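Novice: Here is my input; please provide its structure:
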Amino acid sequence: MPITAANPVISELQDRIRRLEGGAARKGEVLSFGIAEIDAKLPGGGLARGALHEVAGGGADAVHGAAAALFVAGIVARTKGDVLWCLTRPDLFAPALAQAGLHHDRVIYVEADREEDVLTNFEEGLRFGGLGAVVAELVRLPMTASRRLQLAAEASGTIGIALRRWRRPTEAADFGQPTAATTRWRISVLPSEPLPVPGIGRARWLAELIRARAGEAAEFEIGACDATGRISLSPHARDGQDQARRSRNFA
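Specialist: Below is the predicted model:
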């Protein structure tokens, strides 16, 4: 029997090949922050597309965790296409994500009861290849699972971000374990930018680039994401009060 393009098996194989070719074409592409001081520390001048990245709050409390989530929202807001957000706790505040540039009409939420299912959804979303980005909220990220996620991201060319969230302080110790992520970030809240008049200025964060494959570790004081997902480099030097506010102890 002659094989034709109408054969469903052949059609499925052709679709998979096109997705793989699309990922190969995007290999080496990066999503830059648009800030020379930050992009210079990252291989290629930005966050690698088709790669897994890790982000966590600078402590086990909700304030630092919220800052990390907004940092992630600003990154994926600058991609094109829908964003798949996998989670077990439906506690994200959509208006806050919109203020960071990620509007509700672009986000597809996938809620699961178990973290194992979040990992499965994360991997499937990355392998799909038709999304702007995939985010997953995770307590633990085992090395084997992170390798699978990295390979899935490489195959499709989709950027994947593991947003590490913890229900109790003891779980935060897992963040120090090695993973296959290309970069690892820690986001801590700093006092807001001062204003010449009474009021609350733009939120500020300490962004620590803890690990960057083939890059350098560094830390930056940044202004929180604006309505387009862009951060800014804070002109104010960190003082002793900021250092006291920062939490480096995850135990």
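Novice: Checking G50 next. Helix, strand or coil?
Specialist: Three-state assignment for G50 (DSSP: H, G, I helix; E, B strand; the rest coil): coil.
Novice: Which residue is the nearest non-sequential neighbour of it?
Specialist: G157 (4.2 Å; C-beta to C-beta, 6 or more residues apart in numbering). For the C-beta atoms, the positions are set from N, CA and C on the backbone; glycine is no exception.
Novice: so how far is H53 from that neighbour?
Specialist: Using C-beta to C-beta, to the nearest Å, one obtains 14 Å as the distance from G157 to H53.
Novice: what's the answer for R186, then?
Specialist: Relative to H53, and taking C-beta to C-beta, R186 is found at 12 Å.
Novice: do the same with P90
Specialist: P90 sits 23 Å away from H53, taking C-beta to C-beta as the criterion.
Novice: Tell me which stretches of this structure form helices.
Specialist: According to DSSP state H, the chain carries its helices in the segments 8-25, 36-39, 62-77, 94-99, 115-128, 143-156, 240-245.
Novice: Tell me which of these lies nearest to R106.
Specialist: With C-beta to C-beta as the measure, helix 62-77 is the member of the helices of the chain nearest R106 (7.8 Å).
Novice: Just the buried residues of the closest one, please?
Specialist: 64-77 (16 or more other C-beta atoms under 10 Å).
Novice: Tell me which other helices or strands that helix touches.
Specialist: Secondary structure elements in contact with helix 62-77, counted by 3 or more C-beta pairs under 8 Å, 6 or more residues apart in numbering; DSSP states H and E, are strand 52-57, helix 94-99, strand 133-138, strand 159-164, strand 183-190, strand 204-212.
Novice: export stretch 34-50 as CSV, just CAs?
Specialist: These are the backbone C-alpha positions of stretch 34-50, laid out as CSV (Å, rounded to 0.1, in the frame of the first residue of the first chain):
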residue,chain,number,x,y,z
GLY,A,34,17.0,45.4,28.2
ILE,A,35,19.4,46.3,31.0
ALA,A,36,23.1,46.1,29.9
GLU,A,37,24.4,45.4,33.4
ILE,A,38,22.1,42.4,33.8
ASP,A,39,22.2,41.0,30.2
ALA,A,40,26.0,41.1,30.3
LYS,A,41,26.0,38.5,33.1
LEU,A,42,23.9,36.1,31.0
PRO,A,43,25.2,34.0,28.1
GLY,A,44,23.9,35.4,24.9
GLY,A,45,22.8,38.6,26.5
GLY,A,46,19.6,37.4,28.1
LEU,A,47,17.5,34.5,29.4
ALA,A,48,17.8,31.6,27.1
ARG,A,49,14.7,30.5,25.3
GLY,A,50,14.2,26.8,25.0
